[in-house]
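Asks: got a predicted structure here, sequence first:
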Amino acid sequence: MAAAATPRTPEKVMCRYGKECRKMATCTFPHECPYFRTSTGCRFGEKCRNVHPADTSYRPEVGEEYLADPDRLAYAAAAADDPSLLVDGVSPSAASPSHLAAAKERVNARFDRAVKLIQAAHCVALCFVLDTTGSMKPQMEAVKDQVTEIAKTLKTNGCDLRYLAFVGYKDWSDGDDHFEVLPFTQKSDDFVRFVGKIKAGGGGDTPEDVLGGLACAANLAWPEDSSCRVIFHLCDAPPHGRKFYTGSDEYPEGHPKDMPVEQLFRLLASRDITYFFGELNEMCGKMKEVFSAAAGRDISEMVFNNRALASIGPTVAAAARRTATSRTAHIRAAPVRPASPSRAKPVEVGDIDLRGAGGPGSGGTYAPADGPELQRKYVMDEARPSDAFLDALPELRGMTLDMDIPENFDFLRLNKTLALTTKATSVRVAPNPFASGSIRLAYYGRSIFRKGGDMKAKPDEEDIVLKEYMTLSSSPQLDLARYIVDLETQTVAAMLAFSYHKALAKALKRDPPFRVKYLKTHVVALLDPGRRYKRIMSTEKLFRDGMTMVKYTNNYNAVNWDGIGVPASVDRATWHKKVEFLVALSHFSWEFSEQQLLVADLQGIEAKGEHKQQGPPLIVLTDPAVHCMHENRFGVTNLRKIGIIGFFQTHKCNEFCRALGLQGSEA
């Protein structure tokens, strides 16, 4: 139990339980009392006298002192992802300076590996696979002529088109050796000369040896220093076989030497090669369906309309950018063990565990520090639960931890964490997650309010989203640390967004075209009857159905100018303006913080109409990354110097940057 804390004297209010408090271990209201934190009684002891101070500052328990120390907090949060970082098994609060130094060295080693992964993800190895029969001559010329422009476009987006390869294929009627192959080269001139020498011609019936060409490309010697591996396939005819084409075909059952499609896509996946298809006509519709089935996913998002020759270069560059972005999305300065989706059916109302333990493998479970099982098992259920379902869920009690938005950056200068506040809380949590990101699962739920704390009163409930880390930590203290780090990251980002909007409105002398804010988040610690941590989650408001979560930037140098994942109904000019507005927020954060912080990984929703206030559309952001040169701040998504440099590598100042007088990227 923690040492008894002296209550602050200013404002005091009567304990709402009056004489029933009795300040003992027999207290019948431990879940509602924000000061009752242990199984042995109210921490105010004899000083309680049925009154509690109105102040709700969080007072850590014994063993939780690390929450106020950024170095120890960073140690604990990193160890939650990777128990091997617990030097000699020593807890964060008990760690000596030598333990912290050793842990820092290990964290930095992991960070260095993450940097190498980021560099590999932006090193592009691009292989063109083309049907080189007579009808494809214009496309061959376009590829040859546009490759230099592709490289330039990628460079402005932070990618290096370092390797080029080419596989041309015809058909079996042109002989067994109907391939023309240029292995990977770093010289674009060699690529241009090779493609320029190929003579378009050959072919017999309509289908061509598509599968042979793709297999040839998959089996090339792909560069080891590139994880951005792209095949861009251009053709105007499908493969042989009735499942691809029902017209005249010399091999209606497919050619005997064809690699099975399922095997081909397994080979591509095993070599981390991303397949894109440039569609030239309607002939390959069945091919796309078969390829989707073989890949185990709909490949329509990997298909570009390349009927206009001028579109080839931009779409190839977009394909490479998309691949680089997806490769960096999951890179963190710590190992990520993917969670394990179960094939079991979603929980029905009648199956609810009324003890409040949650769904399969969820709350209340902590993995042994040296245990092999660190993956949270879950059942995905994307359906929005009915009100009746949520009403039937058990009410889980615990406490909410919050942070106030700081007024300045003294907490960085003084190397302090932001102060925590606490209050009692109750929530309902759906048994199964409805969505997953790269590191967290999201659950539907409700927060429960009772006016005046009267437990007999009818509660008011608000729909919320609760998020939980996929990986299990070895102790609740380590688990709590990573949620506190996330809370501090979002709180600081909220301060920067508020300051940006205020400064921009002042500079423009009018309302900016958009409003921006970060979603208010909380940390909820659900407790068992003995006041021990049972489950820790973060919570935020659930916005209306029909709103699409979109990614504007990642935490390195990618910007979603192409509107990937954005509904087709969104006007492209408006989208471009919105992205400019948000990348200026990142630039502003760097200068406003006196070159200490840069907020990145901008993602969220446009929430016009969600609030009563009228005005420009409101962009609600969540789950940011904050890059900072302080190694012990803002968790594993803080890419430090490389993240800051990465942003400015591709950032071009726009009207919002200029209105604020921000320095150019060169400065």
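Replies: Alright, I've got the coordinates.

Asks: which residues in the stretch 151-300 of the chain form helices?
Replies: Counting by DSSP state H, counting those that start in this stretch, the segments of the stretch 151-300 of the chain that form helices are 188-197, 210-218, 261-270, 285-295.

Asks: nearest to residue 143, out of those helices?
Replies: helix 188-197 (6.2 Å; C-beta to C-beta). Quick note: C-beta positions are derived from backbone N, CA and C, even for glycine.

Asks: which strands or helices does the closest one pack on?
Replies: Helix 188-197 is packed against helix 137-156, strand 160-169, strand 179-185, with contacts defined by 3 or more C-beta pairs under 8 Å, 6 or more residues apart in numbering; DSSP states H and E.

Asks: show the average pLDDT along it.
Replies: Across helix 188-197, pLDDT averages out at 92.

Asks: same question, stretch 475-492
Replies: Averaged across stretch 475-492, pLDDT comes to 90.

Asks: now that stretch: how far from the chain's centre is it?
Replies: From the chain centre to the centre of stretch 475-492 is a distance of 16 Å (C-alpha atoms, centre = their mean, to the nearest Å).

Asks: what's the average pLDDT for stretch 202-217?
Replies: In this model, stretch 202-217 carries a mean pLDDT of 87.

Asks: give me the distance from the helix or strand hosting residue 304 to the chain's centre.
Replies: Per DSSP states H and E: residue 304 is located in strand 303-305. Here strand 303-305 is found 26 Å from its chain centre; the criterion is C-alpha atoms, centre = their mean.

Asks: go on, stretch 155-163?
Replies: With C-alpha atoms, centre = their mean, you get 23 Å for stretch 155-163.

Asks: which other residues reach it?
Replies: Residues from elsewhere that reach stretch 155-163, judged by C-beta atoms under 8 Å, 6 or more residues apart in numbering: 122-126, 150-151, 154, 184-186, 223, 226, 228, 317, 320-321, 324, 556-559, 646, 649-650.

Asks: ok so, going back, mean neighbour count, the helices and strands packed on helix 188-197: which tops it?
Replies: Most buried of those, by mean neighbour count (mean count of other C-beta atoms under 10 Å): strand 160-169, with a mean of 23.

Asks: taking strand 179-185 as reference, get the angle to that one.
Replies: 170 degrees (axes from the mean of the first three to the mean of the last three C-alpha atoms, to 10 degrees).

Asks: just the CA atoms of strand 160-169, as CSV, please.
Replies: The C-alpha trace of strand 160-169 is given here as CSV (Å, rounded to 0.1, in the frame of the first residue of the first chain):
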residue,chain,number,x,y,z
ASP,A,160,14.8,6.2,-54.5
LEU,A,161,14.1,4.3,-57.7
ARG,A,162,17.4,2.4,-57.4
TYR,A,163,16.7,-0.8,-59.3
LEU,A,164,15.0,-1.4,-62.6
ALA,A,165,14.2,-4.7,-64.4
PHE,A,166,12.2,-5.8,-67.4
VAL,A,167,10.4,-9.0,-68.4
GLY,A,168,8.8,-9.2,-71.8
TYR,A,169,6.8,-12.2,-72.8
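
Asks: partner strands of that strand, with direction?
Replies: Applying DSSP bridges, strand 160-169 is found paired with strand 123-131 (parallel), strand 179-185 (antiparallel).

Asks: check the offset of that strand from the chain's centre.
Replies: For strand 160-169, the separation from the chain centroid amounts to 30 Å (computed by C-alpha atoms, centre = their mean).

Asks: how near is residue 515 to residue 492?
Replies: Look at residue 515 and residue 492: by C-beta to C-beta, to the nearest Å, they are 19 Å apart.

Asks: looking at these two, which has the bigger crowd around it?
Replies: The residue with more neighbours, out of residue 515 and residue 492, is residue 492; 27 against 21, by other C-beta atoms under 10 Å.

Asks: in what helix or strand does the more buried one lie?
Replies: Taking DSSP H and E as the criterion, residue 492 maps to helix 476-508.

Asks: which SSE is immediately downstream of that helix?
Replies: Past helix 476-508, the next helix or strand by DSSP H and E is strand 515-518.

Asks: alpha carbons of that following strand, as PDB, please.
Replies: In PDB, the C-alpha atoms belonging to strand 515-518 read as follows (Å, rounded to 0.1, in the frame of the first residue of the first chain):
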ATOM      1  CA  ARG A 515     -10.900  23.500 -38.300                       C
ATOM      2  CA  VAL A 516      -8.600  20.900 -36.700                       C
ATOM      3  CA  LYS A 517      -8.500  19.200 -33.300                       C
ATOM      4  CA  TYR A 518      -7.300  16.000 -31.800                       C
END
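
Asks: give the pairing partners of it; include direction for each.
Replies: By DSSP bridges, strand 515-518 pairs with strand 618-621 (parallel).

Asks: report the mean confidence score over the partner strand.
Replies: Mean predicted confidence for strand 618-621 is 91.

Asks: how close does residue 587 sit to residue 107?
Replies: According to C-beta to C-beta, residue 587 and residue 107 sit 28 Å apart.
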